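Participant: The sequence and its predicted three-dimensional model are supplied below.
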Amino acid sequence: MLRVIPYPPPRSMMNGERPSNGFSRFNPTGAPNQHHNNHLQQQLQQQQALQQKEAPRPSAQQISRTYKQCTNLFLTRRLPEALATLQPVVAESANPRGKCSRVLRIKVWSLYFAILDAAAKMGSEEGKKIWGAAEWRKIVQKIRTAKVWDEAVEAYTSEGKVDADVVIALVMLLLCHAPEQKTTQKRIEAYMSASSSVMGLDDDPKALAQRVKLTQLYVLHVLPKVDEWDYAREFTQGCGDLDEAQKEQFLATLDALLKEKEEAEKLAEALEIRRNAELAESRRLAEADLISSSRQRDVSPSVAGSVRSTRSRRKRSPEGQTRPKASTGGRLDVPTTQEAAARRTAAPKDALHTRHQTSSLFGHTQALFNKMQKAMFSGQGNSMLLRTVLMLCAVVYATSKKKVRERIKKLLVMAWLKTSRTVGMGIKVTYI
């Protein structure tokens, strides 16, 4: 059976309206259509916001499973995967609308800070290799500028609602990696003020222990690093969470830390003075070496010139003249012509005498060798040969001992040094 759908009633054509199919209008300016599109966009945005608000939050069981998974990833040093898996549930664990327990919440935030601490402790090359350059710089910057503290406050929706254990973990993280602790001091003071106004002073022993631990970090670690020694003593004496024994212990620790700091400063100052003195001494020695080398360069041309002038005078002197010798009285003895002639006649005689001595030395050596050869091949030669062999074996056996070799080596080195010194002195005397 067919169903007839009637057309809509006809519309008037006033004010430029043109019917098309009875369902739309034509407007040449397009203003109503633009307004309609903007209205649709606003409705779409509102629907998306409502969907995000109405999105199912992770339950406590899901957060617990995620925590266990990230713990395994952290223990196996798969840090980027652990952070990527844990980050979506970190803020949700602190959401007041969630049903996450306080213990699980503290565990999640502690694991989150441990991952960030491991990433910040990496070197530049290792961090960029594991995390990537941009991500590693982002993590380090988040810790050093204390933005991680802002992240925790935003997740807890208030400064005073942050768990004390989470605050202690934050303080320890900033103490390890922040370049200066002024920001840490301000953060702790803001938390103490907000927590006392929001939650009051809880008399629970566990809460008291947490406040004492936070006070210890504040007094003994943060304030000394910003040189607030007097304020640390005043805060310790006026703190109501500390008993008298704890106050005395804190004050004694502050005195010891201050004394240690002063001694370290004195030691650093002494080392600086010593280093400056060594640098000044090295500069002085370098300048002295430079001056001596410049003087040697200035003297060497004059010496060379004097040597050249002496050689030139020798070349210009007559053949019959020789260098004058200094007498004991300081006067110069000039040799006469007769003495020069006598020396020329004596020179051939000296040469003949030297040749005769050389020939006689060779003759004696040859005769000695012949006698030794005859003795060795005679009847007594065998015993002499045996004695020679035994003597050589004794020498070899003696030299095989380490002490004997070292002593012989020492004697040879001393002989060589004496010889080299004698030769060096002879060369110097010859040069002079």
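Facilitator: Thanks, I have it. Numbering: from 1, shown residues only.
Participant: quick one: low-confidence ranges for the stretch 51-200 of the chain?
Facilitator: For the stretch 51-200 of the chain, residues meeting the criterion pLDDT under 70 lie at 51-56, 98, 197-200.
Participant: Now do the helices in it.
Facilitator: Counting by DSSP state H, counting those that start in this stretch, residue ranges of the helices within the stretch 51-200 of the chain are 60-75, 79-93, 102-121, 124-131, 133-144, 147-156, 164-177, 182-198.
Participant: Does anything pack onto the first one? Which helices or strands?
Facilitator: What that stands for is helix 60-75. In terms of contacts (3 or more C-beta pairs under 8 Å, 6 or more residues apart in numbering; DSSP states H and E), helix 60-75 is packed against helix 79-93, helix 102-121. The C-beta positions use only the backbone N, C-alpha and C, and glycine is treated the same way.
Participant: how about these in JSON lines, adding mean neighbour count and distance to Glu265?
Facilitator: As requested, the helices and strands packed on helix 60-75 are arranged in JSON lines below (neighbours: other C-beta atoms under 10 Å; distance: least, C-beta to C-beta, whole Å):
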{"stretch": "helix 79-93", "mean neighbour count": "18", "distance to Glu265": "39"}
{"stretch": "helix 102-121", "mean neighbour count": "18", "distance to Glu265": "28"}
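Participant: quick one: which of those helices is nearest Leu73?
Facilitator: Taking C-beta to C-beta, helix 79-93 is the member of these nearest to Leu73, at 3.7 Å.
Participant: what angle do that closest one and helix 60-75 make?
Facilitator: 150 degrees (axes from the mean of the first three to the mean of the last three C-alpha atoms, to 10 degrees).
Participant: what's around Ala155, how many residues?
Facilitator: Counted with other C-beta atoms under 10 Å, the neighbours of Ala155 add up to 18.
Participant: quick one: it and Ala94 touch, right?
Facilitator: Yes. Between Ala155 and Ala94 a contact is recorded at 4.1 Å, counting by C-beta atoms under 8 Å.
Participant: Spit out the contact partners of the nearest residue to Lys107 once chain neighbours are set aside.
Facilitator: Nearest non-adjacent residue to Lys107, counting by C-beta to C-beta, 6 or more residues apart in numbering: Tyr67, 6.0 Å away. By C-beta atoms under 8 Å, 6 or more residues apart in numbering, the residues touching Tyr67 are 86, 89, 104, 107-108, 111.
Participant: now for the host helix or strand of Glu272, which elements pack on it?
Facilitator: Assigned by DSSP states H and E, Glu272 belongs to helix 244-316. Contacts defined by 3+ C-beta pairs under 8 Å, 6+ apart place helix 244-316 against helix 223-225, helix 229-238.
Participant: For Asn370, which of the ones you listed is the nearest?
Facilitator: Closest among the helices and strands packed on helix 244-316, using C-beta to C-beta: helix 223-225, at 98.3 Å.
Participant: ok, and what's touching that closest one?
Facilitator: With C-beta under 8 Å, 6+ apart as the criterion, helix 223-225 contacts 175, 180-181, 185, 229, 231-232, 235, 254, 257-258, 261.
Participant: Which among these count as buried?
Facilitator: 181, 185, 232, 235, 254 (16 or more other C-beta atoms under 10 Å).
Participant: which one of the contacts of Tyr67 is nearest Gln249?
Facilitator: Nearest member of these to Gln249, counting by C-beta to C-beta, is Lys107, at 30.7 Å.
Participant: do you know how far that closest one is from Met172?
Facilitator: Relative to Met172, Lys107 is positioned 16 Å away (criterion: C-beta to C-beta, to the nearest Å).
Participant: again, but for Met391
Facilitator: Taking C-beta to C-beta, one finds Met391 at 83 Å from Met172.
Participant: okay, these two: which has more neighbours?
Facilitator: Counted by other C-beta under 10 Å, Met391 and Met172 do not tie: Met172 has more neighbours, with 14 against 10.
Participant: show me the residues around the more buried one that make contact.
Facilitator: Taking C-beta under 8 Å, 6+ apart, we find Met172 in contact with Leu217.
Participant: please redo it, this time with the cut-off set to 10 Å
Facilitator: 113, 117, 217, 221 (C-beta atoms under 10 Å, 6 or more residues apart in numbering).
Participant: just to revisit the earlier point, any shared contact partners between Ala155 and Ala94?
Facilitator: 105, 109, 161-162, 166.
Participant: possible to save the residues you listed as JSON lines with distance to Ala190?
Facilitator: Output for these, formatted as JSON lines (distance: C-beta to C-beta, whole Å):
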{"residue": "Arg105", "distance to Ala190": "21"}
{"residue": "Trp109", "distance to Ala190": "18"}
{"residue": "Lys161", "distance to Ala190": "13"}
{"residue": "Val162", "distance to Ala190": "11"}
{"residue": "Val166", "distance to Ala190": "15"}
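Participant: how many neighbours does Thr66 have?
Facilitator: Thr66 has 20 nearby residues by other C-beta under 10 Å.
Participant: I'd assumed Val89 was in contact with it.
Facilitator: Yes. The criterion here is C-beta atoms under 10 Å, and Thr66 meets it with Val89 at 5.0 Å.
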